[in-house]
Each structure stands twice: as structure tokens, then as C-alpha cells.
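> here's a sequence, model it:
(one chain, ligands or ions: 2)
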Amino acid sequence: MKYLDFYNKSIQNPAEFWKQQAAELSWFQEPTNILESDQNKYSTWFSDGELNMSYLCIDKHIEDGFGNQNAIIYDSPVSNTKEFISFYKLQEEVSKLAGGLRNLGIEKGDTVIIYMPMIPQAMYAMLACARLGAIHSVVFGGFAPHELAIRIDDCKPKMIITASNGIEIDRLIPYKPFVDEAISLASFKPDNVIVFDRGSSVKVILNEQDIDYETLVSKSSPVNSVSLASNHPLYILYTSGTTGKPKGVVRDTGGYATALKFSMKIIYGVEPGDVFWAASDVGWVVGHSYIVYGPLLNRNTTVLFEGKPIKTPDASTFWRVISEHQVKVMFTAPTAIRAIKKEDPEGDFINKYDISSLKYQFLAGERCDVSTLRWTEHHLKVPVIDHWWQTESGWPMLANMAGVELQDVKAGSVGKPVCGYHIVILDHDGNEQPANTEGYVAVKLPLPPGMLRNIWGNPERFQAGYLQQFPGYYASGDGGYKDEDDYVFITGRVDDIINVAGHRLSTAEMEEIVSSHKEVAECAVFGVFCEIKGQKPLGLVVLKNSNSNQEEQIKEEIIQLVRKEIGPVASFKDVLVVNRLPKTRSGKILRKLLRQISDDLNFNIPSTIDDPEIVNEITTVYKQNNIGQYKI
Ligand code: COA
Ligand code: AMP
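Residues are numbered from 1 along each chain as shown. Ligands and ions are numbered 1, 2, ... in the order given. As a prediction, this is how the structure comes out:
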């Protein structure tokens, strides 16, 4: 089949196209209302259909005779563990945990926070919630208690499921005390905390409302999947917005399942039974879609990898996993490749393993620089496919759809529109831009299945954040352009969000925290180039007492403050003290200019600047501190 014919069908008659794709799933009740749109043209898919994600990911495959196939391969170099979990075993674990949750009063529509490391129990917990129709919200383990508390207050979970500890290379990170602290910080209090004890040296202290995971499961009886309306929320996943408060992206069940099933075959090119590996974390959207739900829906064996691309134990880990588990398609972030490339520039480790099972290497999460792409192509000798999506979309919007017709790779581009996504580049006034003209990347409504349904508890933010800027379009928040062959190039965010090691972070949130330090008069936080992580945050602060002889101590306190409030994942390690910040005549801080000076972009000094001399001042500070292009 040709890409363009297939794509055009999806745009010309979306209802017919997605009806056919939805038929690939086993619904408890087949949908007859395929596509409806509200007054803003926002789409609702399959509204009268009923299904259950946990059933589709597990029980269906057992009914089809594949109970003995590996559903999950848990490979954890940090705990020296490998576990092969069949669909039978997965069913037993998930249905019994669901039984335990039900005994504790969890019902359809209740919210449950999951704060766990990369262990099978995190997947069991997600699938057990889905089985009951409870809405899970997984919080990434690198977030601090304060961030967890914000999410507790926002989604008001009846229960939190956690573990004794995570493992960061060789450090044990105690999770349970973080949960206790978060609950004490939050106004809302969950009924119970379930704790999975990993049996490490981190001792778990159970409070009155806490329950041991294994005791709960051992005492409970398995339960079956309940039938849920297609629009029933499967999960809430918090992501950074342009304010200090993260936003809870709400995902439906039926549209998401249809889109994921479609994407496994059509984008990633895998067939049921193949081994698929997304080297991410269940706390991110990549983990939700391509460690857990996508592969399991498609009856792929999914690899759950608890480790890092380097240091666990070295830069050969990825290739060992591919070779040992016969991975056919792998997905990671360019950061991971850059980290490996730095340790093993000649790719010597790759040559030590037979990675001939690998057919495609997918990359996403941040911009992929050309040298990383070329290095990966050269050493892996398979098509390396950069593709673009967001927490909001839940699955790729721009890609090279390997399962349809592999297109030539153009370095620097994230490929062409995926079926269902009518991608346009708009100018400030919402006019479509011609080829090779940069603008706002937007999607013309109606959107395909799988896209976010709402922002949890905040429909106004959903409208304002995505639909009001360009009526009739979904605004992605990214800038970019299309070339004459319809290949799209993403140039970066058009807002205050940065991407650090593929992790999406809000500089506005960091600024709020930095400015809360008692010695800070004003500040700006923005992303600067980082060789490994793509971007890293840099904070410039003006102190209240400009003669302070405690600058170094204040800087350290600010760094620790961000680490304490957001967590280590913010990678906030650089603060500089300046006498003043560049501003417009109306007093707005020129953050873009600050970033441009450090990154050596061809910048123009904005005409609105109140004093152009400040550019020299900032340049001097960057030079003195080896920032960006001024690195010696
Ligand atoms: N729990 C607790 N802490 C965590 C954590 C978790 N789940 N994940 C990360 N952290 C901590 C790290 O230990 C580190 O702490 P430190 O400042 O004390 O060293 C900090 O958060 C920053 O982590 P990270 O950004 O991962 O940097 P790193 O230096 O530890 O590792 C890479 C660098 C490149 C190896 C790593 O970023 C990586 O593997 N990136 C791939 C990204 C990815 O898969 N993204 C998913 C989107 S597709
Ligand atoms: P997240 O919601 O965490 O998945 O982050 C989504 C953001 O990451 C997007 O809006 C982009 O800014 C960026 N992003 C994701 N994939 C790519 C890619 N392949 N190339 C460039 N930027 C990307």
C-alpha cells in the first residue's frame, strides 16, 4: 500500500477509516456512533462502544490461545533480575490485584495514583485499575514529594500504590517516605497506600492506613474486566504546561485503544508475537503507550527495562538487551544515544552483539540532531526513524510509517503526517504557511482517536491551551515548517517549556520556585544547549542585596530548593547572579534573547529592549561562567 493513498483516506473520510481500525479490537459492544463533534469541532470517537483495556491487553490473548507467550520481559541490570512474564501469569497478577483493590473499595471512576519504579508491579497496578474502570495517574519517580502533593490535590486519589524503593544506577531511592511526605503536604488525603516491598535494604514502615502489596494480593480473589464506555477515562497523566501548575491530560479508552493498535502495525511495523522495546519509563506518555498498552494490545512481548543507557553497567546495555531478547523494534530518546555515543564513540560495544533481530530504531521525545541520527544509522544499520508526538496526542502525529511504506529519511525531519493528522503550519493570525516557512505547528480538526479528551478538572484550560489560539485547529505548542515534499521539521517549543533529556519541564514552574528564595529579587529560567541532554535549565538571578558576599551559598540554596520542590529530574544545576535582566520597555523579561545569546543563534536585539547595553553585560557573565557558546 502507498503511504499517500492510505493517509488521504484517513483525512477524506475519517469516520469510515477509523471504523475499520476500531474493528481490529474486540469490543464488548461494537460502536455505531463513530465520530461526533462538539460545538468547537472537537471529536468524540465511538461514544456508544464498550470495551475494557485490561481485557484487550491480557484475557483476549489467552482466549486466542497465547497464554504461554511472554507478555513482559523484565530486564533490570540495576537489581540483577530478569523475569519472563507470560500472559497467564500477567492475568493472575492483574486480576488478583484488581480483586484486592476492589475489596478496599476501589470502583469504576475512582482515581488511583501510582508512584513506582520500573518493576512489573507498576504495570500490574495500571492494568488492575483499567480492569475495574479506576482511573490511574502514574507519577514519574524522579519527581519530589511536593510535585506528588500537587497531583494528589488535583486528582484526589482514593488510593496510592507505591514501592519501597527505586534504583538509580547504584543508589536506592526510598519511595515510601516520599509518599508519606507528599500526603502530609497535600490537603487531600487518600484512604490507603499500598506498598510493594522489593526486599532491598530500604525498610518499609507501614502506617495505619498502609497495606502490604503482596499480603493484599495473596488474600484476594481474581476479578474480571468490567465493561466500560469508550469515553471512560483510562488515565490522567500530568505534564508541564506554561504555568507553574502541571496539567492532567485525560485519555479515553476506546479511541486510545484503536489508535495504539493501529500504530503498532502501521507506524512501528510489528506483528503480534514480535518483541518491542520502548526504553522509557512508565511515568511518561511513552511508557503508557509503548511499554504498557500498545504492545500488549497488539500481543507483542514488551521489554520493561530498569536501567540507564550507560553505567548499568556500561554503554553496551542497549545492545545486550536487543540481542538477548530478540528485540525487533526499539524506541528511545536521542539523549540516550548521545550518552552512549560519548562513552563508545566508535560503536565497539555494538559490534560485540548480534543485533540482527532489530528492524527499526525509533527516536522521539526531543529534537534529534543530525550527527546523532547519522551515528545511529551507521552503527545499527537499520532505518532510524525520528517521529514527533506529545503527552496530549498519546501516539505519533508525524512519523515515517514503517508498516505502510517506508519513506526516505530526511535528516532533521520528523517525517510526514500520520493517518488522521491534518498537520498545518500557521502564522500568528492563523493563516496556513507555504513550504519552508516557519510557523506554529497545528492540527486541523477533527482530531483522530487517541488524542486527549480534556484537562482533568479544568475544561477551561483545555480550551484555552489548545483550541482557542487558532479556532478550528489544535495548537501543539511547537514551532516548525514543512518542506516541498511535506516533510515536517520541528524547530522547538513556542512557549516556556523545555525538554531536558527528553523530559518535558516548565521553566515557569522553576522560576516560581527560584523567586521564592528570600534573597532573590527577580529571576529568569530558560533552556540552554546541553551536549547530552539536548537542553538544560539555566537560572539568572538578581539578588535583593547586590553586595551579598554569600552568592555561592545562595546559588547552592536555590539549586537545592528546585531539587526539593520539583525533584532531581529537573536537572537544575546552573545559577548565575547578574545585576539586571534584559527587559522590554514595558518591563517584560526577554527570556528568548537570554537563550539566544548563550546558544549562538543569529539573534536580533529586539527593538522593544529598554537598554541594548545589557546584551554585553550578559555576554560577559556567560563568558566568565563558560555558558553555551562561551564554553572554553
Ligand atoms: N527516580 C528517582 N530519581 C530519578 C529518576 C527516577 N525514576 N530518574 C532520574 N532520576 C534522577 C537521576 O538520578 C538524576 O539525579 P542526580 O541529579 O542526583 O544525578 C536526575 O534525576 C536527572 O536524571 P537524568 O535526566 O536521567 O540524568 P542522568 O544524568 O541520570 O542520566 C541519561 C542521563 C542520558 C543517561 C538519561 O537522561 C537517560 O537515560 N535519558 C533517556 C531519556 C528517556 O528515556 N526519556 C523518555 C522520553 S522518550
Ligand atoms: P512530551 O509531552 O513530554 O512527550 O513532550 C512533547 C514535546 O517534546 C513536543 O511538544 C516537542 O516539543 C518535543 N518533541 C517530542 N518529540 C520530538 C521530536 N521527535 N523532535 C523534536 N521535538 C520533539
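> report pLDDT for the residue lying closest to Met397 once chain neighbours are set aside.
On the basis of C-beta to C-beta, 6 or more residues apart in numbering, the spatially nearest residue to Met397 that is not a chain neighbour turns out to be Tyr421, at 4.7 Å. The C-beta positions use only the backbone N, C-alpha and C, and glycine is treated the same way. On pLDDT, Tyr421 comes in at 98.
> likewise for Pro537?
Among the per-residue scores, Pro537 shows a pLDDT of 97.
> number of residues surrounding it?
Residues within reach of Pro537, counting by other C-beta atoms under 10 Å, total 26.
> up against ligand 2, what does the stretch 351-500 of the chain have?
Near ligand 2, the residues belonging to the stretch 351-500 of the chain are 364-367, 386-388, 390-391, 414, 476-478, 490, 493, 499 when assessed by C-beta under 6 Å from any ligand atom.
> could you pull up the residues touching the residue nearest to Met397?
The neighbourhood of Tyr421, defined by C-beta atoms under 8 Å, 6 or more residues apart in numbering, consists of Met397, Leu398, Val443, Leu447, Pro448.
> mind giving me a markdown table with those residues and columns for neighbour count and secondary structure?
A markdown table is the format used below for the contacts of Tyr421 (neighbours: other C-beta atoms under 10 Å; DSSP: H, G, I helix; E, B strand; the rest coil):
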| residue | neighbour count | secondary structure |
| --- | --- | --- |
| Met397 | 28 | coil |
| Leu398 | 28 | strand |
| Val443 | 23 | strand |
| Leu447 | 25 | coil |
| Pro448 | 27 | coil |
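> where's Tyr42 relative to Leu467, distance?
For Tyr42, the distance to Leu467 under the criterion C-beta to C-beta, to the nearest Å works out to 7 Å.
> likewise for Tyr175?
The spacing between Tyr175 and Leu467, counted by C-beta to C-beta, is 37 Å.
> give me the more crowded residue out of the two.
Comparing Tyr175 with Leu467 by neighbour count (other C-beta under 10 Å), the higher total belongs to Tyr175, at 23 against 17.
> tell me the contacts of the more buried one?
By C-beta under 8 Å, 6+ apart, the contact set of Tyr175 is Tyr115, Met116, Pro117, Gly141, Thr162, Ala163, Ser164, Asn165, Gly166.
> at 7 Å instead, please
Taking C-beta atoms under 7 Å, 6 or more residues apart in numbering as the definition of contact, the neighbours of Tyr175 are Tyr115, Gly141, Thr162, Ala163, Ser164, Asn165, Gly166.
> the residues you listed, buried ones only, as a ChimeraX selection?
What follows is the ChimeraX syntax for the buried subset of these, where burial is set by 16 or more other C-beta atoms under 10 Å:
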select :115,141,162,163,164,165,166
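> and the contacts of Tyr175 as TSV, adding secondary structure and distance to Ile85?
Below are these laid out as TSV (DSSP: H, G, I helix; E, B strand; the rest coil; distance: C-beta to C-beta, whole Å):
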residue	secondary structure	distance to Ile85
Tyr115	strand	21
Gly141	coil	21
Thr162	strand	20
Ala163	strand	17
Ser164	coil	20
Asn165	strand	21
Gly166	strand	20
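> how close does the residue of the chain most remote from its centre sit to ligand 2?
Among the C-alpha atoms of the chain, the one most distant from their mean position (C-alpha atoms, centre = their mean) is that of Asn547, at 42.7 Å. Distance, Asn547 to ligand 2, using C-beta to the nearest ligand atom, to the nearest Å: 41 Å.
> let me know the helix or strand that that residue is in.
Using DSSP states H and E, no element contains Asn547; it sits outside every helix and strand.
> and what about the residue nearest to Leu467 when sequence neighbours are not counted, helix, strand or coil?
Once its chain neighbours are removed from consideration, Leu467 has its nearest residue in Asn40; the separation is 5.6 Å (C-beta to C-beta, 6+ apart). For Asn40, the assignment made with DSSP: H, G, I helix; E, B strand; the rest coil gives coil.
> can you report how many residues neighbour Asn40?
Residue neighbour count, defined by other C-beta under 10 Å, stands at 12 for Asn40.
> distance of it relative to Phe462?
Remark: distance between Asn40 and Phe462 (C-beta to C-beta) = 10 Å.
> returning to that earlier point: so who does the residue farthest from the centre of the chain touch?
If you count contacts by C-beta under 7 Å, 6+ apart, Asn547 has none.
> give me every residue in the stretch 501-632 of the chain lying close to ligand 1.
The stretch 501-632 of the chain comes close to ligand 1 at residues Ala501, Gly502, Ile532, Pro568, Val569, Ser571, as judged by C-beta under 6 Å from any ligand atom.
> the second one and Gly365 touch, don't they?
Yes - distance between Gly502 and Gly365: 3.3 Å, which falls inside the contact criterion (C-beta atoms under 7 Å).
> before we move on, the earlier item: can the residues of the stretch 501-632 of the chain next to ligand 1 go into CSV with extra columns for secondary structure and neighbour count?
Formatted as CSV, the entries for these read as follows, by DSSP: H, G, I helix; E, B strand; the rest coil; neighbours: other C-beta atoms under 10 Å:
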residue, secondary structure, neighbour count
Ala501, coil, 21
Gly502, coil, 20
Ile532, coil, 14
Pro568, helix, 16
Val569, helix, 19
Ser571, coil, 21
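> for the stretch 501-632 of the chain, just list every one of the strands.
503-506, 520-530, 534-543, 574-577 (DSSP state E, counting those that start in this stretch).
> which one of those lies nearest to ligand 2?
Proximity of these to ligand 2 was assessed by C-beta to the nearest ligand atom; the nearest stretch is strand 503-506, lying at 3.3 Å.
> the closest one pairs with which strands, and in what direction?
Within its sheet, and counting by DSSP bridges, strand 503-506 is paired with strand 497-500 (antiparallel).
> contacts for the strand it pairs with, please.
The list of residues contacting strand 497-500 from outside it, by C-beta under 7 Å, 6+ apart, reads 240, 242, 366, 477, 504-507, 527, 533-537, 571.
> just the buried residues from those residues, in PyMOL please.
Filtering the contacts of strand 497-500 down to the buried ones (16+ other C-beta under 10 Å) takes a single PyMOL command:
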select buried, resi 240+242+366+477+504+505+506+507+527+533+534+535+536+537+571
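> mind picking the lowest-pLDDT entry from the contacts of strand 497-500?
In terms of pLDDT, the weakest of the contacts of strand 497-500 is Thr242, which scores 77.
> was I right about it contacting Leu505?
No - under the criterion of C-beta under 7 Å, Thr242 makes no contact with Leu505, lying 11.6 Å away.
> between these two, which contacts overlap?
Contact criterion C-beta under 7 Å, 6+ apart; no residue bridges Thr242 and Leu505 by contacting each.
> distance of Lys19 from Leu35?
If you go by C-beta to C-beta, the gap between Lys19 and Leu35 works out to 9 Å.
> which of those two has more neighbours?
Leu35 (21 against 18).
> relative to Glu432, how far out is the closest residue to that one other than its chain neighbours?
Distances taken as C-beta to C-beta, 6+ apart place Ala15 nearest to Leu35, at 4.3 Å, with adjacent residues excluded. According to C-beta to C-beta, Ala15 stands 24 Å off from Glu432.
> what's the answer for Leu447, then?
Taking C-beta to C-beta, one finds Leu447 at 17 Å from Glu432.
> residues contacting Leu426?
Leu426 makes contact with Glu432, Gln433, Gly439, Tyr440, Ala442, Phe470, Tyr473 under the criterion C-beta under 7 Å, 6+ apart.
> which ones are touching the second one?
Okay, so that is Gln433. With C-beta under 7 Å, 6+ apart as the criterion, the residues that contact Gln433 are Ile425, Leu426, Asp427, Gly439.
> quick one: buried ones out of those residues?
The neighbour-count test (16+ other C-beta under 10 Å) marks Ile425, Leu426, Gly439 as buried among those.
> which SS class is the first one?
Think Ile425. Secondary structure, three-state DSSP: Ile425 is strand.
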